[in-house]
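Peer 1: model the structure of this input:
(2 chains)
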Protein chains: 2
Amino acid sequence: MRTYVLDPASKTPLYEQLYRALKEDLLSGAIAGGERLPSKRALAEHLNVSRITVENAYHQLLAEGYLVSRPRSGYYAEALEAMPRPRTAGMARPAAAAPTPPPPSAGQFPYSIWAKLMRGVLLDRHDQLLLPPPNTGLPDLRQAIADMLRRSRGMEVNPDCIVIGAGAEYLYNILIQLLGRENTFGLENPGHRKLRQVYEANGVAVRPVTLDSSGVEMASLTASGANVLHISPSHQYPTGIVTPIGRRRQLMAWLGSRPDRWLVEDDYDSEFRFAGKVIPTMFSMDAIGRVIYMNTFSKTITPALRISYMILPEVLMDRYQRLLGFYSCTVPSFEQLTLARFLDEGYFEKHVSRMRRHYRLLRDQFLTLLRQSPLAGRMEIQGQEAGLHFLLKLDTALPDETVERRLADAGVRAAGLSRFKTGPAAEADRGRVVISYSDLAEADLPRVIRLLEGLVQAE
Amino acid sequence: MRTYVLDPASKTPLYEQLYRALKEDLLSGAIAGGERLPSKRALAEHLNVSRITVENAYHQLLAEGYLVSRPRSGYYAEALEAMPRPRTAGMARPAAAAPTPPPPSAGQFPYSIWAKLMRGVLLDRHDQLLLPPPNTGLPDLRQAIADMLRRSRGMEVNPDCIVIGAGAEYLYNILIQLLGRENTFGLENPGHRKLRQVYEANGVAVRPVTLDSSGVEMASLTASGANVLHISPSHQYPTGIVTPIGRRRQLMAWLGSRPDRWLVEDDYDSEFRFAGKVIPTMFSMDAIGRVIYMNTFSKTITPALRISYMILPEVLMDRYQRLLGFYSCTVPSFEQLTLARFLDEGYFEKHVSRMRRHYRLLRDQFLTLLRQSPLAGRMEIQGQEAGLHFLLKLDTALPDETVERRLADAGVRAAGLSRFKTGPAAEADRGRVVISYSDLAEADLPRVIRLLEGLVQAE
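Peer 2: Predicted coordinates:
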């Protein structure tokens, strides 16, 4: 059994030291693809650490796709494709993974802090409030975003490659103009409907790409003929799939094999990851400058705020200034300055971690109650590790519309999986419902569970 | 000579009473097209009013295109085409006409009032600040805009047909998606470059339409094959042409003659009209629901604020909600609520009239100094009645680039007319420069005049 030297006096937690050491071996091939890892108990005894430490390290490697777990057999190293080393400086620290429409509930918004910052900006920065922001956004905000991404996601970002825009939908429009209308855009199927609507409203060619349990299916991607792939690898909406490292490498290989291929990594809501550590973004893995990273503050702070951003590879940033540099920035200077302070003074990360705790608790209670209920044997749950939604498969013969309506009547935001798909509804999708729980209170849960029980019995 | 009964006790100024009475006769045909009107002095004596009263009335009718003036001969009624009566309720009151990029100088922004309103919104309306605005904008702001347009331009607008967006450029993008990419868009030539850039970035068919002294030339419009015409009839940029009523009627007839024709009336900066009264908007003339009205607050309040709006005919509003209703509103609730108060409490109109006085003074001084200078016989001025720019034709052989650069070095924003044109530069455009004077101070003017003199002598 391999021995790893862990330092209990270090500021880095033991599980993270172990996680890093194991990952090094997995990446270098010292632990070969397919090799079985020691059991948690055996490794814990061998290294003289607690089982929780090993469990945490394994769990993170599992979430990132370096390991696979086989029931009643143990943990195995995933076979990884050779690829360039990621360009990110260090590994990521906290936060991560999940794209999902349900916004955080309004009650969570740190209103008094936001208002205080607004008043401060009104007092201190009126020189700037009167001037139009530079076309890609105020330098203050772009720097604050780059700093936050370094702290919270280990991303190395050039602030000059950030474009600030009034919401993700606006930036999708700009992206179509930037990449060119002659491209064929591949979208996850099932996927975020609004995304497809934006592409279709712009009259560009859109191809659905099928998902398997690791995200985008490579064969379907190739067959689609798409050369721009727009995906949410951190936590797919609506299935909740987290694309593991192996599939991410396959996607990078796909990108690199032709010069006209681009990948849009839509990371919105990725801050709400409940289990394990961050998975590095594809943007950070990208050594060839083909990944466009997008995220939004509308989902994490408040939907009343329309501030999103995209980070362009340098070659696209040049093209942006050349072709689209005439577009004025769509976000008022005032909001940009306020948000820059919110980020710089650490409020954003505090807010996100407070929300994450809140939602994790809510989710845990929801799942526990579901599993303790008579539904236990008549449902499956998927995609619950992150985001503010999960996919529930109910053993029911009721049509999706009925399920949606009954849930909506009870104040639960839910939508049948078939609604996120292109093409005819499949029989396998019957009873698969995306539940958005961010609006619910703890006290609502028993009532919601009873309602779900009724839907199963009603068939 | 006709007699008009004017009431000196009325709240309506005498010149306006006379203007209305004359217009009635011009519209009904009681004064026939081509008929010569009494001289100002003769009519003043006949009606027992001052000459200024008649002059003001004639001037307004001239600006609106009901009359034409022939040097050393007098005023004649314009021949008007038969057309449906405008759907506007009453005549407009103050403000009007001019689209032009130069923003008002930052020093003019009523900062303390704006900040006070912002603080008020922060205190009173935090319920709304946390919620995403409805997709077309907050009802408060849409109502405030409709009320302001009724007061200041005599427009009857349904607030439910207003769409709020983060800047005119954003709305142009939306408009292309709303009307459809299969359309052919006609743009004024010379015209606002950014507009053409937006259309071209969207890859839609764009056709230049030639201008004569009344605006869009009908023959050129027909020959262009365009079915969507995007123009600025209130004050064309950069020529400053105000499209008179006769041409507007021809444009309405063009619109009505085929069901797939649309007109975008881009009215931005129309608030800075210095001479005469408002010309009714084409939107108000439109009885068949084919005119889309657009305007922006970025030009009148501060360019740091990105709030624009478009008013859609009902049929297009239905289509908007059906096809593009998924787009979230791009303007933060906070700015919308602040602007709504700024409008409702009358600050906007006060601000605009203060700015109008300021710019009129500046323009008058500029023009007076120009006419008193040695340039007097070697230049022509055009488009000075409105907007924050005019067109100066200098008798110079210097290339445009040199003229632009010398002016820029002296802090004057100026651009050769040829820069606004599609196609090869014409010899006739040599020395024609669009001067944007809003940034200048009174003290700068003598220096600028000397510079212009130098340019003429330098040839």
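Peer 1: distance of residue A:198 from chain B?
Peer 2: According to C-beta to the nearest C-beta, to the nearest Å, residue A:198 stands 8 Å off from chain B. C-beta here means a position set from N, CA and C on the backbone, and glycine is covered the same way.
Peer 1: before we move on, what about residue A:224?
Peer 2: Noted for residue A:224: a distance of 22 Å to chain B, by C-beta to the nearest C-beta.
Peer 1: would you agree that residue is in contact with residue A:206?
Peer 2: No: the criterion here is C-beta atoms under 8 Å, and residue A:224 misses it with residue A:206 at 9.7 Å.
Peer 1: what do these two both touch?
Peer 2: A:184, A:186 (C-beta atoms under 8 Å, 6 or more residues apart in numbering or on different chains).
Peer 1: show me what contacts the closest residue in space to residue A:162 that isn't next to it in sequence?
Peer 2: Closest residue to residue A:162 apart from its sequence neighbours, by C-beta to C-beta, 6 or more residues apart in numbering or on different chains: residue A:142 at 4.4 Å. For residue A:142, the contact set (C-beta under 8 Å, 6+ apart) comprises A:136, A:159-160, A:162, A:164, A:309.
Peer 1: where does residue A:142 land in three-state SS?
Peer 2: Assigned with DSSP: H, G, I helix; E, B strand; the rest coil, residue A:142 falls in the helix class.
Peer 1: what distance do you get for the residue nearest to residue A:193 when sequence neighbours are not counted to residue A:223?
Peer 2: The shortest distance from residue A:193 to any non-neighbouring residue, by C-beta to C-beta, 6+ apart, is to residue A:420 (6.1 Å). To residue A:223, residue A:420 is 20 Å away according to C-beta to C-beta, to the nearest Å.
Peer 1: who has more neighbours, the two?
Peer 2: More crowded of residue A:420 and residue A:223, by other C-beta atoms under 10 Å in any protein chain shown: residue A:420, with 20 against 12.
Peer 1: wait, what's in contact with the more buried one?
Peer 2: Residues in contact with residue A:420, defined by C-beta under 8 Å, 6+ apart, are A:189-193, A:237-238, A:434.
Peer 1: please repeat the previous calculation with a cut-off of 6 Å.
Peer 2: Contacts for residue A:420 (C-beta atoms under 6 Å, 6 or more residues apart in numbering or on different chains) come out as A:190-191, A:238.
Peer 1: which one of these has the most neighbours?
Peer 2: In those, the most neighbours by other C-beta under 10 Å go to residue A:238, 30 neighbours.
Peer 1: and the nearest residue to it once chain neighbours are set aside, which of the three is it?
Peer 2: Of all residues not flanking residue A:238 in the chain, residue A:434 sits nearest, at 4.0 Å (C-beta to C-beta, 6+ apart). Following three-state DSSP, we place residue A:434 in the strand state.
Peer 1: domain ranges for chain A, per the record?
Peer 2: Per automatic domain parsing, the structural domains of chain A span A:14-83, A:106-110+A:352-457, A:116-348.
Peer 1: go through these and name the closest to residue B:11.
Peer 2: Among the domains of chain A, domain A:116-348 comes nearest to residue B:11, with 37.6 Å by C-beta to C-beta.
Peer 1: what segments of the stretch 351-459 of chain A are helices?
Peer 2: Along the stretch 351-459 of chain A, the segments classed as helices by DSSP state H, counting those that start in this stretch run A:400-409, A:445-457.
Peer 1: any chance of those helices in TSV, plus distance to chain B, mean neighbour count and mean pLDDT?
Peer 2: Formatted as TSV, the helices of the stretch 351-459 of chain A follow (distance: least, C-beta to the nearest C-beta, whole Å; neighbours: other C-beta atoms under 10 Å in any protein chain shown; pLDDT from 0 to 100):
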stretch	distance to chain B	mean neighbour count	mean pLDDT
helix A:400-409	18	16	85
helix A:445-457	23	16	87
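Peer 1: touching, residue A:43 and residue A:54? I think so.
Peer 2: Yes: Residue A:43 is within contact range of residue A:54, at 4.9 Å (criterion: C-beta atoms under 6 Å).
Peer 1: more crowded one of the two?
Peer 2: Remark: of residue A:43 and residue A:54, residue A:54 carries more neighbours, 27 against 23, as counted by other C-beta under 10 Å.
Peer 1: which residues touch the more buried one?
Peer 2: With C-beta under 6 Å, 6+ apart, residue A:54 has these contacts: A:40, A:43-44.
Peer 1: which SSE is it in?
Peer 2: helix A:51-63 (DSSP states H and E).
Peer 1: only the buried residues of that helix, if you could.
Peer 2: Buried residues in helix A:51-63, counted by 16 or more other C-beta atoms under 10 Å in any protein chain shown: A:53-54, A:56-63.
Peer 1: report the distance from stretch A:286-298 to the chain centre.
Peer 2: 12 Å (C-alpha atoms, centre = their mean, to the nearest Å).
Peer 1: what's the answer for stretch A:134-145, then?
Peer 2: Offset of stretch A:134-145 from its chain centre (C-alpha atoms, centre = their mean): 23 Å.
Peer 1: may I see the buried residues of that stretch?
Peer 2: Buried residues in stretch A:134-145 (16+ other C-beta under 10 Å): A:135-138, A:140-145.
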